[in-house]
Structures are given as structure tokens and as C-alpha cells.
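Asker: Next come a sequence and a model predicted from it.
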Amino acid sequence: LEIGMKMMKMSKLNQSVRIGTALVAVLAFAGCGKKQEQAAPPPAAPVSSVTVKAEQVLLYSELPGRVAPYLIAEIRPQVSGLIQARLFTEGAEVKEGDVLYQIDPAPYQAALTNAKAALAVAKAQHTTALAAESRAKAGLANAEAVVQVAVAGRDTALAVLEAAKTALKAAKETLVSAEANAEPLRLRAARFKELIESRAVSQQAFDDADAGRRQAEAAIRRASAAVDGAAAEQVRAESGVKVTDAELERAQAGLLASKAEVEGAAAGVQSALAAVKSAEAVLDNAQINLGYTKVTAPISGRIGRSNVTVGALVTAHQPLPLATVQQIDKVYVDVPQASADLLRLQRRLADGRLSHNGTQNVVKLNLEDGMPYSLEGTLQFRDITVDPSTGSFILRMGFPNPQRILLPGMFVRAKVEEGVKEDAML
């Protein structure tokens, strides 16, 4: 803005000087005419005039700056190895995904083969673990069935024991009843034995009484034998209960062991599955590393010179890029502007001395040889941070560059529209 105003002031000063020179010349010739009335009058001097009028003037600020690429990518290897081939021409255009370098793939191919084998082993172990889990589950089902059988056997043994106890009780009651019945018969047989000696009773009556006594004693012996048998049966039943109790305990212990085996088998399955996942991850990593042996262009653009040659040893993520790709079919121009100039411009716009005409974002460019660039650009943004060391901030402009005239790092001068002065005197 100051440059435009200075140019206007100089134009006005030159016009004033020309007018003043013409007036002085006229007065000088007029004086000479009075002193030398005898001399011939000089010829009339030509006088120019300037008409001053107020017009609308568009004011610019011309700011120096540098060209920057629209996109830039430094090519670095992501795996280490020897460069086998360079597959591009320096300075040529490359497309995104083009292979630029080939790194020796042999060690990464071997790693991939090893990862595939490790994955196969892990899958086989997983299959084995699944089979072991199936067997453990079958064993658990069998153990549960054994427990059920043992419980049923114990229930049967308890029922047999209860029946033996009932039989023993009945046998004892029968023995008591037989003994009670036998006592009168013994007394009657003994009395008849005394009476038969005195011929008070007949032999037949004595025989009948004695036969009744013998039958009663036989019933006692049978009842006693039944009691002994029932007692022995009860003992056997109690022993059977103890046996079934032991079987039940063994079955329950087997069930617990089967459950533990199932849990262990399930843990083995999970471990084998984790091993499969780990082997798959190693395989994926090996495939990725093998793919990284082909160094490709991440963006489309023009590639510069190569910093390495065939046979060079490169390392993953090394500081030195192999090459640089820059997209320059459109470029940025970064120029600094003093923050004080921005404040003055804002004040002039605020008090009405300047106005906008709706084209503030249009930017023109002069090349470093002074010639104008044929295509207009646009103001992309103003940085919001002022550099404390220079008191300036950065303006970024975008320009189309189809002919690749603008190159990264080139010095240019940007003409940034500031505003319109409505009543400029011209």
C-alpha cells in the first residue's frame, strides 16, 4: 500500500514541476521583452497541461516469497537390505504406487516361509487341543454317568439294609412269640409226665402234650435261626452300603478329575488358539515386510535425484531419504507480511479510506526475472502466529502450475490486493 501511495505522490510532484517550469519560462521571456523593446519577440514556448480528477484505484502490496510444493514425500525404506534395482528416471513424473526401488527380498521371503510353517504347526496344535477337549468332555459325561450309577447303587443298598432291619425285627418278634407259646406247652408236658406215672392221664394225652412241647421248641429254634439269618442279612446290607458309599466317593472323585481335565483341555484350546493368532500376526508382519522390499511412490509427482545407488545398504526409517517426490502441478507460495502493515490496512478499511471490491483472495505473481506469471492464484490463509524475531506472519497462496514453471524454492514476488481507494487523485 505504501508503494502505491508513493508512486501517486511522485506522479503529482512531476506534474507540478512541469507546470512550474513552463510558468518561469513565460515570465522570463516577458521580462526580456520589456528591456529590449527593439528586439524581435521570441517564439511562443509550448505549454502542457494536466487535468487532475478523482478515480477509483486498486492498491496492491508486493511481497517477496518462495514457492513450495503442493505435496512432498521423502522416500525412506521401511525394511533394511541391499538395493537391487532403481526403477525410475531421475526428474521424471511418477504415479502413486509406482515401484521406485527393489530391496533384496530373499531374507524376507524366508521369514514369510517360516511364518507359514509356524502357523501350520499352531493350527495342528489347536486341532489336537480341540480333540483333547472333546475327549475330556466325553470323560466328564462318563464320570457323571458313573456317579449316577453309584448313587443308584447306594440307594439300592440302603433299601436292602432297611429291608434287612425290618426282617430282623420281624424274626425277633416271631422268636418272642414262639418262646411265649412254648412255655405253657412245656409246663403241660411236665405235668402230664408226672401224672402218667400215677396213671392219672393216658399215655395218648401225654404223647400229645409232649408232641406240642417239641413243636413249640422247634418253632423257637426256627425263629432263632430266622433271627440269626436276618441279623446276618443286615450285616451284609450294611457292608453293601459301605461298599456303595466307597464307590460313590470314587465316582465323585472321578467326576472332579474329569471336570479338571475339561477345564485344562479348554485352557489348552485357548492357548492353542492364541498361538494361532500369534502365528497369523507373525505371518502378516512377514508379508508386510516382504511387500516393503518394493519401495513405492506414496504420491504422484516429479521425483528428484536418487541419494543411493544399486548395491547400497539401507536401513529401515533411515534419516537420509532415498529420493523425494514433489507434486508441483499446483504449488503454494509462502510470503511473509509485517503484522504492522496488517494493522494499518485494517484501520484504513475500518475508517473507510479503503474498501473491498470482492476480489481480495485473487493474487498475482511476478517471477524472479521480473516477468509476470500468466495464471492468477488464490489466497489460502493467513497464519495466526507472528514470528517474534521478525514481527511478521506467513501468507500462503495457491497457484496452478500446469507447465511446471514454478519450481519449489524459487524466489517470486506476490501482488496481494489490499483494497480499493475510491477517490484517488490521478
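Answerer: Structure's in. What do you need?
Asker: Tell me where the stretch 1-150 of the chain has strands.
Answerer: Along the stretch 1-150 of the chain, the stretches classed as strands by DSSP state E, counting those that start in this stretch are 54-75, 81-86, 93-94, 99-103.
Asker: Can I get the longest one as PDB, trimmed to CA atoms?
Answerer: The reference is to strand 54-75. What follows is strand 54-75, C-alpha atoms only, in PDB (Å, rounded to 0.1, in the frame of the first residue of the first chain):
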ATOM      1  CA  ALA A  54     -10.600  11.600  -8.700                       C
ATOM      2  CA  GLU A  55     -10.800   7.900  -9.800                       C
ATOM      3  CA  GLN A  56     -11.100   4.500  -8.200                       C
ATOM      4  CA  VAL A  57      -7.700   2.900  -7.700                       C
ATOM      5  CA  LEU A  58      -6.900  -0.700  -6.800                       C
ATOM      6  CA  LEU A  59      -4.000  -0.900  -4.300                       C
ATOM      7  CA  TYR A  60      -1.600  -3.800  -4.000                       C
ATOM      8  CA  SER A  61       1.200  -4.900  -1.700                       C
ATOM      9  CA  GLU A  62       4.100  -6.600  -3.400                       C
ATOM     10  CA  LEU A  63       5.700  -9.200  -1.100                       C
ATOM     11  CA  PRO A  64       8.700 -11.500  -1.600                       C
ATOM     12  CA  GLY A  65       8.200 -15.200  -1.100                       C
ATOM     13  CA  ARG A  66       9.200 -18.700  -2.000                       C
ATOM     14  CA  VAL A  67       7.500 -21.500  -4.000                       C
ATOM     15  CA  ALA A  68       6.600 -24.600  -2.000                       C
ATOM     16  CA  PRO A  69       5.300 -27.900  -3.500                       C
ATOM     17  CA  TYR A  70       1.600 -28.800  -3.100                       C
ATOM     18  CA  LEU A  71       2.600 -32.200  -1.700                       C
ATOM     19  CA  ILE A  72       6.100 -33.600  -0.800                       C
ATOM     20  CA  ALA A  73       7.100 -37.100   0.200                       C
ATOM     21  CA  GLU A  74      10.500 -38.200   1.200                       C
ATOM     22  CA  ILE A  75      11.000 -41.800   0.200                       C
END
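Asker: Pull out the buried residues from it.
Answerer: 57, 59-61, 63, 65, 67-71, 73, 75 (16 or more other Cβ atoms under 10 Å). C-beta here means a position set from N, CA and C on the backbone, and glycine is covered the same way.
Asker: before we move on, what about stretch 186-204?
Answerer: Result for stretch 186-204 [16+ other Cβ under 10 Å]: buried residues 188-189, 192, 196, 201.
Asker: and the residues you listed as CSV, adding secondary structure?
Answerer: Formatted as CSV, the buried residues of stretch 186-204 follow (DSSP: H, G, I helix; E, B strand; the rest coil):
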residue, secondary structure
188, helix
189, helix
192, helix
196, helix
201, coil
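Asker: Which residues does stretch 76-88 contact?
Answerer: 94, 98-105, 107-108, 289, 292-293, 295, 303, 306, 308-318, 321-323 (Cβ atoms under 8 Å, 6 or more residues apart in numbering).
Asker: no wait, stretch 222-234
Answerer: 161, 164-165, 167-172, 174-175, 177-179.
Asker: Out of those, which end up buried?
Answerer: By 16+ other Cβ under 10 Å, the contacts of stretch 222-234 give 161, 164-165, 167-168, 171-172, 174-175, 178 as buried.
Asker: with those residues in mind, which one is nearest to residue 387?
Answerer: residue 161 (103.2 Å; Cβ to Cβ).
Asker: What helix or strand is the closest one located in?
Answerer: helix 106-197 (DSSP states H and E).
Asker: what packs against that helix?
Answerer: When contacts are defined as 3 or more Cβ pairs under 8 Å, 6 or more residues apart in numbering; DSSP states H and E, helix 106-197 packs onto helix 203-292.
Asker: Name every strand pairing with whichever helix or strand comes after the helix it packs on and say which way it goes.
Answerer: Using DSSP H and E, the helix or strand that follows helix 203-292 in sequence is strand 294-296. Under the criterion DSSP bridges, strand 294-296 sits next to strand 99-103 (antiparallel) in its sheet.
Asker: Please enumerate residues in contact with the strand it pairs with?
Answerer: Counting by Cβ under 8 Å, 6+ apart, 75, 77, 79, 81-88, 94, 292-297, 303, 308, 314, 322-323 sit against strand 99-103.
Asker: quick revisit: need the contacts of stretch 222-234 in JSON lines (columns: distance to residue 154 and pLDDT).
Answerer: Output for the contacts of stretch 222-234, formatted as JSON lines (distance: Cβ to Cβ, whole Å; pLDDT from 0 to 100):
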{"residue": "161", "distance to residue 154": "10", "pLDDT": "88"}
{"residue": "164", "distance to residue 154": "15", "pLDDT": "88"}
{"residue": "165", "distance to residue 154": "16", "pLDDT": "89"}
{"residue": "167", "distance to residue 154": "20", "pLDDT": "90"}
{"residue": "168", "distance to residue 154": "21", "pLDDT": "87"}
{"residue": "169", "distance to residue 154": "23", "pLDDT": "89"}
{"residue": "170", "distance to residue 154": "25", "pLDDT": "90"}
{"residue": "171", "distance to residue 154": "26", "pLDDT": "86"}
{"residue": "172", "distance to residue 154": "27", "pLDDT": "86"}
{"residue": "174", "distance to residue 154": "30", "pLDDT": "88"}
{"residue": "175", "distance to residue 154": "31", "pLDDT": "81"}
{"residue": "177", "distance to residue 154": "35", "pLDDT": "86"}
{"residue": "178", "distance to residue 154": "36", "pLDDT": "82"}
{"residue": "179", "distance to residue 154": "37", "pLDDT": "82"}
